[in-house]
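Visitor: sequence first, predicted model second:
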Amino acid sequence: MHKTKMYSKQGDCFQQPNACWFKLKSYRVILHVFLLSTIGSVTVAATTGNQDPCPQLIPDTLKQLGPDALLGAIKQEMGNDNLLLECYIKRYQDLYFSSDTNKYNYFNTRLSIYLYTGRYEEARSFLKAFKSFAEGAKSRAYLGRYWFAEANYHLMANQLDSAEITYRKAATLFEEEGDTRRLYLVYGNLSTVYLNGKKYDAAYQYLQLSQKLIQAHEGLISEEKEAIVLNNIGVTYLRRGLYEQGDSIFQEAGKLALSVDADYPFLLSLLNRMEVAAKKGQWEETISLKAEADAYIFKYKSVYSWYAAPIVKAYMGLNNYARAKDMIDSLGYQEQQQGLPHSITYYTLQARYHLELEDGGAVLSFAEQALDRSDLTLDDRIDLFRYKIKAHLLLKEPTQAQVEMKTLEGLYERLQKEKQKRRQEEMAAIYELESHKAARERAEKFAKAMRERATLLERNRIYLATALLSAIGGLIVLFFLFRSNRKRALQAKIQAEDALKHNEQLDKQLRAQRQNALQSGIGAAQLKNNALEAIERYESNLPLLKRKLSILIHDYSEKSDFVELFLLSYPDFFRALSELAPDLTKTQLRYAILIALGASTVEIASTQGVSEKAVNMARYRLKTKLGLDTDANLERRLRQLLLQ
């Protein structure tokens, strides 16, 4: 019976597991190649001597196109080993072999054609040239791609042990190169290797790795392919008899496939669910799922035997033998239409059907036809011998049944040994995988630590560079500050010298003003003495006395307008003093001017013709109005106002 499902497309059995199964079973694969519409009919001209025939054979339209078009032409002609194919290959090598990328595309294209047309000997030979190129290429990435190609060869040729070894070599190189996309393909194809080898735990582990890569790298694969991955994970549960878990995953895969309108993975989920229902004896559920699958099955006829097997079982479970026979006949017809020999599934279904009808002769006939095949698995042989034993019993041939029973016992012993060996190999594979995962985790931790260290060093370099730039900036700032301070110091020195000169001039001016004020005060005292003298002298002659006093006052007014002249010279002093004490009298203003000019109490009293007590009283009143408490503060304050 049909046991595992693999799909093969351009070297990737993992992505479409079912069609690859047919290749592994040595069934014919229909290869779809890209045809170049630009290539017309070519008339092969006769050539003579050493003349190169290729320029006449290769169409002019193709000569103007690039390497991809030429590879397409090579694909088209690879089924015909003729002179035109040699010309295409020679032209591609002459024009494009200078690039490793173009070389790789050439080797990969030709190898894919060999594999998918079943030309394994040619593929084996061509792999030697591929390896030589990969080992000489500048990038180690091509060596990983070579091992991946060789692993695909072993998988297609059903050499599972060799495929496992070479896929692991490819995985190591892809990990080194960080080629996540191809690493994902390797994990997927390794899961296919283990599915074919019935090592379902190991297959599950690698499918989980694939899932982790999908989750860690958004957009790594399409959602359609992700649905296929889910189906394959479900198959690992199905093969281990975990039907509920498998069915749950198949339903999830179906929902994902429907959400992106992906017919193929949706059909896979339906077929897997049909098999689960048939395993559980849920015949009605199987027929219900068949109704959904009918809309897609004829689009993907390569999986028809997988579709037919659970349906036949369901019909027989429902005792609807006519429908079961129709489905078996439909399977045989579809295989004939595809040019395929009858599958093991077809023969086992026929044997089981006729066994239900108790037609021992027909059972033996179909079982014998199936046993003549070279691609039977041990499980298939056991099923067929069980049918034969039951058929002999139906035909009342106990002796023959005993003979077949001994053969069956031998097959069971072989199966137990094979299962034991398979389990050991599976455990070894899982152990190696766990070791690989542990090593990878250590490598990732080390890489993370190195990245963090590099980040820290980079940050330190940035800090050091920043500090250096700051230091340089600081030096530049200090230089300009020093220069600016020096300039300001020179300016301050000049200003100080100017201020000193100004103060000297001001002191001279103040001394002159003080002298004028004192002289003005002396004049007032002299006026008083002259007036007293005139009164005493001309007391008896009143008219003459008035005239004399008038003359004295006029002379004094002409000579002693000191306050007005001072205020005209120092208007800021008067303005500032008025702001502090707006109600000063002219006499108090005179006293303030004299005090500001530095006149003593004795000098003020003698010049103003008053007593020292009167001067002290005047000082007291000035201090009160200006809010000061001592004579020293009064003199200092008035001096400050004057110097402003």
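Guide: Structure received.

Visitor: for residue 264, list the residues it contacts.
Guide: For residue 264, the contacting residues are 16, 224, 228, 257, 296, 300, by C-beta atoms under 8 Å, 6 or more residues apart in numbering. Any C-beta I mention is one placed from the backbone N, CA and C, and that applies to glycine too.

Visitor: helix or strand: which one has it?
Guide: Of the helices and strands defined by DSSP states H and E, residue 264 is found in helix 263-279.

Visitor: then that helix to PDB, C-alphas only?
Guide: Output of helix 263-279 as PDB, limited to C-alpha atoms (Å, rounded to 0.1, in the frame of the first residue of the first chain):
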ATOM      1  CA  ASP A 263      -5.400  24.000  -4.000                       C
ATOM      2  CA  TYR A 264      -2.600  21.400  -3.700                       C
ATOM      3  CA  PRO A 265      -1.900  21.700   0.100                       C
ATOM      4  CA  PHE A 266      -5.700  21.900   0.700                       C
ATOM      5  CA  LEU A 267      -6.100  18.600  -1.200                       C
ATOM      6  CA  LEU A 268      -3.200  17.100   0.800                       C
ATOM      7  CA  SER A 269      -5.000  18.000   4.000                       C
ATOM      8  CA  LEU A 270      -8.200  16.400   2.800                       C
ATOM      9  CA  LEU A 271      -6.400  13.200   1.700                       C
ATOM     10  CA  ASN A 272      -4.600  12.900   5.000                       C
ATOM     11  CA  ARG A 273      -7.900  13.400   6.900                       C
ATOM     12  CA  MET A 274      -9.500  10.700   4.800                       C
ATOM     13  CA  GLU A 275      -6.700   8.300   5.800                       C
ATOM     14  CA  VAL A 276      -7.200   9.200   9.400                       C
ATOM     15  CA  ALA A 277     -10.900   8.600   9.200                       C
ATOM     16  CA  ALA A 278     -10.400   5.300   7.500                       C
ATOM     17  CA  LYS A 279      -7.800   4.200  10.100                       C
END
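
Visitor: hang on, the earlier thing: nearest to residue 137 among the contacts of residue 264?
Guide: Nearest to residue 137 among those: residue 16, at 29.3 Å, using C-beta to C-beta.

Visitor: and the next helix or strand past the helix holding residue 264?
Guide: Per DSSP H and E, helix 263-279 leads on to helix 283-297 as the next helix or strand towards the C-terminus.

Visitor: got the angle between that following helix and helix 263-279?
Guide: 160 degrees (axes from the mean of the first three to the mean of the last three C-alpha atoms, to 10 degrees).

Visitor: for helix 283-297, buried residues please.
Guide: The neighbour-count check on helix 283-297 (16 or more other C-beta atoms under 10 Å) flags 283, 285, 286, 287, 289, 290, 293, 296, 297 as buried.

Visitor: now do stretch 208-227
Guide: Across stretch 208-227, burial judged by 16+ other C-beta under 10 Å covers 208, 209, 210, 211, 213, 214, 220, 221, 224, 225, 226, 227.

Visitor: who's in contact with it?
Guide: 14-15, 180-181, 183-184, 187-188, 191, 229, 233, 253-254, 256-257, 259-260, 262, 264-266, 268-269, 433, 437.

Visitor: closest to residue 94 among the buried residues of helix 283-297?
Guide: Nearest to residue 94, judged by C-beta to C-beta, of the buried residues of helix 283-297 is residue 296 at 46.9 Å.

Visitor: where does the closest residue to that closest one other than its chain neighbours land on pLDDT?
Guide: Among residues not flanking residue 296 along the chain, residue 267 sits closest, at 4.3 Å (C-beta to C-beta, 6 or more residues apart in numbering). Per-residue confidence (pLDDT) for residue 267: 93.

Visitor: do you know how far residue 267 is from residue 116?
Guide: Separation of residue 267 from residue 116 (C-beta to C-beta, to the nearest Å) stands at 22 Å.

Visitor: possible to save the contacts of residue 264 as JSON lines with pLDDT?
Guide: Below are these laid out as JSON lines (pLDDT from 0 to 100):
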{"residue": "16", "pLDDT": "45"}
{"residue": "224", "pLDDT": "87"}
{"residue": "228", "pLDDT": "85"}
{"residue": "257", "pLDDT": "92"}
{"residue": "296", "pLDDT": "90"}
{"residue": "300", "pLDDT": "83"}
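
Visitor: format those residues as CSV; extra columns: secondary structure.
Guide: As requested, those are exported to CSV (DSSP: H, G, I helix; E, B strand; the rest coil):
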residue, secondary structure
16, coil
224, helix
228, helix
257, helix
296, helix
300, coil
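
Visitor: which one of those is nearest to residue 597?
Guide: Nearest to residue 597 among the contacts of residue 264: residue 224, at 107.8 Å, using C-beta to C-beta.

Visitor: can I get the buried residues of stretch 208-227 in a markdown table with secondary structure and distance to residue 464?
Guide: Formatted as a markdown table, the buried residues of stretch 208-227 follow (DSSP: H, G, I helix; E, B strand; the rest coil; distance: C-beta to C-beta, whole Å):
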| residue | secondary structure | distance to residue 464 |
| --- | --- | --- |
| 208 | helix | 46 |
| 209 | helix | 43 |
| 210 | helix | 45 |
| 211 | helix | 45 |
| 213 | helix | 39 |
| 214 | helix | 42 |
| 220 | coil | 40 |
| 221 | coil | 45 |
| 224 | helix | 52 |
| 225 | helix | 49 |
| 226 | helix | 48 |
| 227 | helix | 53 |
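
Visitor: low-confidence ranges in the stretch 451-600 of the chain?
Guide: Filtered on pLDDT under 70, the stretch 451-600 of the chain yields the residue ranges 499-500, 502-532, 534-536, 538-539, 542-543, 545-569.

Visitor: residue boundaries of the helices in it?
Guide: 542-559, 562-569, 571-580, 586-596 (DSSP state H, counting those that start in this stretch).

Visitor: which residues does residue 330 contact?
Guide: residue 308.

Visitor: list the buried residues in stretch 351-369.
Guide: 351-355, 359-360, 362-367.

Visitor: distance from that stretch to the middle of the chain?
Guide: Put simply, stretch 351-369 sits 61 Å off its chain's centre (C-alpha atoms, centre = their mean, to the nearest Å).

Visitor: one step back: quick one: contacts for the residue nearest to residue 296?
Guide: Contacts here follow C-beta under 8 Å, 6+ apart; on that basis residue 267 touches 293, 296, 297, 299, 300, 303.

Visitor: helix, strand or coil: sort out residue 98 for me.
Guide: With three-state DSSP as the criterion, residue 98 reads coil.

Visitor: number of residues surrounding it?
Guide: By the criterion of other C-beta atoms under 10 Å, residue 98 has 9 neighbours.

Visitor: any chance of the backbone angles for it?
Guide: Here is the backbone geometry of residue 98 (degrees, to the nearest 10): phi -70, psi -20.

Visitor: tell me the contacts of it?
Guide: Contact analysis of residue 98 by C-beta under 8 Å, 6+ apart lists nothing.

Visitor: what subset of the contacts of stretch 208-227 is buried?
Guide: Counted by 16+ other C-beta under 10 Å, the contacts of stretch 208-227 give 14-15, 183-184, 187-188, 191, 229, 233, 253-254, 256-257, 262, 264-266, 268-269, 433 as buried.
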